[in-house]
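>>> Structure for this input, please:
(2 chains)
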Amino acid sequence: MIGPSFRAVLAAATDGDEQAFGVLWRDLQPALLRYLNAFAPGGGEDLASETWLRVVKALDSFSGDERAFRAWVFTVARHRAVDRWRRTTRHHDELVPLDALTNLPAPDDPAGTAVDAISSQAAVAQIATLPSDQAEVVLLRVVAGLDVAEVAAITGKRPGNVRVLAHRALRRLAQQLREEPRVRGQV
Amino acid sequence: MGSGGVFSAEMPDEPSQAIVPLDADTAERLLSARLDPDDAPPGYAEVARLLQAAAAPADQVELAGQAAAMDAFRTTHRRPAGSTGRPGGSRGRRVAARGGASGARGRVVALALAGAVAAGAVGLWTAGGAPFSRELGSSSGGPSAGGPGSATSGSGPYGPGGMGPGADATGSLRPAWPSVSSAPGATPVTNGRPPAPASTREPATARRTGGVTSPGGSSNGSKRTHPSRLPRPKPPTVKPPKPTSPKPKPDKTEKREPS
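Predicted coordinates for the structure are as follows:
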């Protein structure tokens, strides 16, 4: 998060200041990439570029605080991802790279239990194994840093529904991480 | 997942029984990646680690595309500065560059409009007997102004230049697959521009079709004839009024006077 200087940064970026735009980009691009890579593995970079193009073109039309800006950028990103998904006409669950899942560290692996041993890419790939609505809610909450109301607005769901999906996702993740050694043993 | 596999006999019947249900506060701390794995409830320590990893700060790989993003930003922001300040400026240049075809098309349109003007004016002229030159001036304020094709009839339900029905001034939320403008608290940003309201189109149509038609008649069905080929109207001939009293017959009076 940029913090109190967000309004000044946004105003400068709207006026064409490249450094200000760079601040916005560096703040949001990693989360954007993680979110988009979960739904279009390998296509996250392209989708993020399309998202930023849209954002830059409409930057002078935006007014709001930093949270609203984050929500807006992720709304644009979601639009891009949905368009990509429709173009490919395949269910995006099929696009999750299985290699990334098999490379996840096992919970009983001493190296894997260290927090810094789990890469953000592997963590996002693990989240992407959830049902798509649960995965999206978790990614928007955890990766994008949005609250329940913002996620509900982006996904078109009610806040209560978002909470239920998040709870189910957490439980399912806990189950998956407990079962992971046995699942890996079957492969 | 995995319970029906080869090792299902070795697995506990219901592994989720060991996972305690989460309270709302713990779930919220997990989802905001603020819950330390050591403080997590049983079964959720790995989840806390996973979510913290997902929310980890950016690494250099994720920021590798900054140069390309800056180029795109520079290109997007320099384009308006180089233009003439009017969105249609480039289109105007393209139209000007096409030259020949559009010029010929313009001449055809001009001829058609001239014919329509002539037909309407002649209709007025022949109907009312007014001079042709006066009828040309009546297209803005004469009897044809305010008719069905008048420019004054262009105010639509949203007012002139107002927002169309598709525009959303409040940034209100939309159902699934939200539009760009559905971010909470954000000013609406529609894709491109909102659809042009009818009120902005109607005057243009009116300008094309109105003001040159004769009242009660249209130029569409009338046969267009050049004014110089039309028969000139005959000036009204004034005949001397017939005398009401009978003419005196001089022959008879002359015959009576002597008597």
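
>>> Following the helix or strand of chain A with the lowest mean pLDDT in sequence, what is the next regular element?
Across the helices and strands of chain A, mean pLDDT, DSSP states H and E gives its lowest value to helix A:110-113, namely a mean of 42. Downstream of helix A:110-113, the first helix or strand assigned by DSSP states H and E is helix A:120-127.

>>> Does that next one reach chain B?
Yes. Residues of helix A:120-127 contacting chain B under C-beta under 8 Å from any C-beta of the partner chain: A:Ser120, A:Ala122, A:Ala123, A:Val124, A:Gln126, A:Ile127. For every residue, glycine as well, the C-beta is placed using N, CA and C.

>>> If you count neighbours, what's buried in the helix or strand following that helix?
Where DSSP H and E defines the elements, the next helix or strand beyond helix A:120-127 is helix A:132-138. Within helix A:132-138, the residues scored as buried using 16 or more other C-beta atoms under 10 Å in any protein chain shown are A:Gln134, A:Ala135, A:Glu136, A:Val137, A:Val138.

>>> Can you list the residue ranges for helices in chain A?
Using DSSP state H, the helices of chain A run over A:6-14, A:18-39, A:44-57, A:66-88, A:98-102, A:110-113, A:120-127, A:132-138, A:148-155, A:159-186.

>>> which one of the ones you listed has the lowest average pLDDT?
The weakest mean pLDDT among the helices of chain A belongs to helix A:110-113, with a mean of 42.

>>> any idea how chain A splits into domains?
According to automatic domain parsing, chain A comprises the domains A:1-95, A:98-187.

>>> Using PDB, write out every CA atom in stretch B:19-39.
Backbone C-alpha positions of stretch B:19-39 (Å, rounded to 0.1, in the frame of the first residue of the first chain) are rendered in PDB as follows:
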ATOM      1  CA  ILE B  19      -9.300 -29.500  11.900                       C
ATOM      2  CA  VAL B  20     -11.200 -27.300  14.200                       C
ATOM      3  CA  PRO B  21     -13.800 -24.900  12.900                       C
ATOM      4  CA  LEU B  22     -12.500 -21.400  12.500                       C
ATOM      5  CA  ASP B  23     -14.000 -18.400  14.200                       C
ATOM      6  CA  ALA B  24     -14.500 -15.300  12.200                       C
ATOM      7  CA  ASP B  25     -11.700 -13.400  13.800                       C
ATOM      8  CA  THR B  26      -9.100 -16.100  13.100                       C
ATOM      9  CA  ALA B  27     -10.300 -16.500   9.600                       C
ATOM     10  CA  GLU B  28     -10.000 -12.800   9.100                       C
ATOM     11  CA  ARG B  29      -6.400 -12.800  10.400                       C
ATOM     12  CA  LEU B  30      -5.600 -15.700   8.200                       C
ATOM     13  CA  LEU B  31      -7.000 -14.000   5.100                       C
ATOM     14  CA  SER B  32      -5.100 -10.900   5.800                       C
ATOM     15  CA  ALA B  33      -1.900 -12.900   6.300                       C
ATOM     16  CA  ARG B  34      -1.400 -11.500   9.800                       C
ATOM     17  CA  LEU B  35      -1.800 -14.800  11.700                       C
ATOM     18  CA  ASP B  36       1.500 -16.300  12.800                       C
ATOM     19  CA  PRO B  37       1.700 -20.000  12.000                       C
ATOM     20  CA  ASP B  38       2.600 -20.700  15.600                       C
ATOM     21  CA  ASP B  39      -0.600 -19.100  16.800                       C
END
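
>>> picking that back up, quick one: closest of the domains of chain A to B:Leu63.
With C-beta to C-beta as the criterion, B:Leu63 lies closest to domain A:1-95 of those, at 6.1 Å.
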